[in-house]
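Student: Quick one, what's the 3D model for this:
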Amino acid sequence: MKKRANIAVIMAAGRGSRHGTPVPKQYMELKGRLVLERAVDAFENHPDIDQIALVVDPEEINRVSKMVSDNGWKKVTDILKGGKERYQSSLAAVKALANRPEDNIILHDAARPLVSARIITDVVASLREHRAVGVAVPITDTLFFTGPANEHVIRVPERDLFMRAQTPQAFRISVLKKAYEFALAGPAFSATDDCGVVRRYMHREKIHIVQGDEKNGKITYPGDLEMMSHWVD
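Tutor: Numbers count the residues shown, from 1 in each chain. I've put the predicted structure just below:
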């Protein structure tokens, strides 16, 4: 049986408006390396990853092309044009890989630069038995379920039933492609992550969970970058 290729897709098209800086967070420096460089390094240096595609803002293609050349990344084969919405960037990757339905697509946020080799190993291992894989960590805070305006508590759910999603999120390419086909055919489609698309439109497809890591957090607000700097050697 032919070995399935593991194709990492680094999602780097976001503008990072919540971070509050003019420079998108993936191009900010984290202990001598750009955030995007650290994210790519994690997959470039992992033996289970066969190929890497980068999804970037169309205006950043030249910058990223030079970055690939300067770093000598051997596994980066594609630089794809991303969209304004996250799902548009996922679609760009799915369309680029549509002729490889039995290979695996491993989507990762560039804004999570400290993803560990252990997480990538566990995701790839899980893909040998499952066609959809998510990464998550337990919730330690109490959760409030609130009204639409977040003004009052409606109920306090059992937190043991919830986890915080991280990336990578990984799928057999055929599964994610079919989920997006269903999604785009429906009215008022929107999504913030790919597991959500698969869960909603391919509800019989079980999504296996791999344990994440607190260091695999996402840079969202200004203080996040400083916090991560303490975790980098």
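Student: Only C-alpha atoms from now on, for both contacts and neighbour counts.
Tutor: Fine.
Student: Longest helix of the chain, counting residues only.
Tutor: Secondary structure of the chain read by DSSP state H shows that its longest helix is helix 173-185.
Student: how far does that one sit from the chain's center?
Tutor: How far helix 173-185 lies from its chain's middle: 17 Å, per CA atoms, centre = their mean, to the nearest Å.
Student: would you say Asp41 is within a helix?
Tutor: Yes - assigned with DSSP: H, G, I helix; E, B strand; the rest coil, Asp41 falls within a helix.
Student: burial of it, as a residue count?
Tutor: Here the number of neighbours of Asp41 (other CA atoms under 10 Å) works out to 16.
Student: re the thing from before, show me the contact partners of the longest helix of the chain.
Tutor: In this structure, residues lying in contact with helix 173-185 by CA atoms under 8 Å, 6 or more residues apart in numbering are 91, 94-95, 97-98, 100-105, 131-132, 189, 194, 197-198, 201-202.
Student: same thing with stretch 90-99?
Tutor: Contacts of stretch 90-99 from elsewhere in the structure, counted by CA under 8 Å, 6+ apart, are 9, 11, 53, 55, 80-82, 107, 173-174, 176-177, 180, 194.
Student: which residues in the protein form strands?
Tutor: In order along the chain, the chain carries the following strands (DSSP state E): 6-12, 29-30, 33-34, 51-56, 76-81, 104-109, 132-138, 145-146, 153-155, 163-172, 208-211.
Student: which parts of the last one are buried?
Tutor: Going back to what we said before, that points to strand 208-211. Residues of strand 208-211 classed as buried by neighbour count (16 or more other CA atoms under 10 Å): 208-211.
Student: what packs against it?
Tutor: The elements that strand 208-211 packs onto, with contact taken as 3 or more CA pairs under 8 Å, 6 or more residues apart in numbering; DSSP states H and E, are helix 117-126, strand 132-138.
Student: so which of the strands of the chain comes closest to Lys66?
Tutor: Ranking those by distance to Lys66, with CA to CA as the measure, places strand 76-81 first at 11.2 Å.
Student: Buried among the contacts of helix 173-185? Make that a ChimeraX selection.
Tutor: Command for ChimeraX that selects the buried part of the contacts of helix 173-185, burial taken from 16+ other CA under 10 Å:
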select :91,94,97,98,100,101,102,103,104,105,131,132,194,197,198,201,202
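Student: With respect to Val68, which of the strands of the chain lies nearest?
Tutor: Evaluated with CA to CA, the strands of the chain place strand 76-81 nearest to Val68, the distance being 7.3 Å.
Student: related to what we said a few turns ago, let me know which of the helices and strands packed on strand 208-211 is the nearest to Pro148.
Tutor: Closest of the helices and strands packed on strand 208-211 to Pro148 is strand 132-138, at 25.0 Å (criterion: CA to CA).
Student: wait, what's in contact with the nearest residue to Lys218 once chain neighbours are set aside?
Tutor: Among residues not flanking Lys218 along the chain, Arg112 sits closest, at 4.7 Å (CA to CA, 6 or more residues apart in numbering). Arg112 is in contact with 35, 39, 167, 216-219, counting by CA under 8 Å, 6+ apart.
Student: among those, who's most crowded?
Tutor: Going through the contacts of Arg112 with other CA under 10 Å as the criterion, the one with the most neighbours is Thr167, at 28 neighbours.
Student: Leaving out sequence neighbours, find the closest residue to it.
Tutor: Across the structure, with CA to CA, 6+ apart as the measure, the residue nearest Thr167 apart from its sequence neighbours is His108 (5.2 Å).
Student: shouldn't that neighbour be in contact with Asp193?
Tutor: No - with contact defined as CA atoms under 8 Å, His108 does not count as touching Asp193 (10.5 Å).
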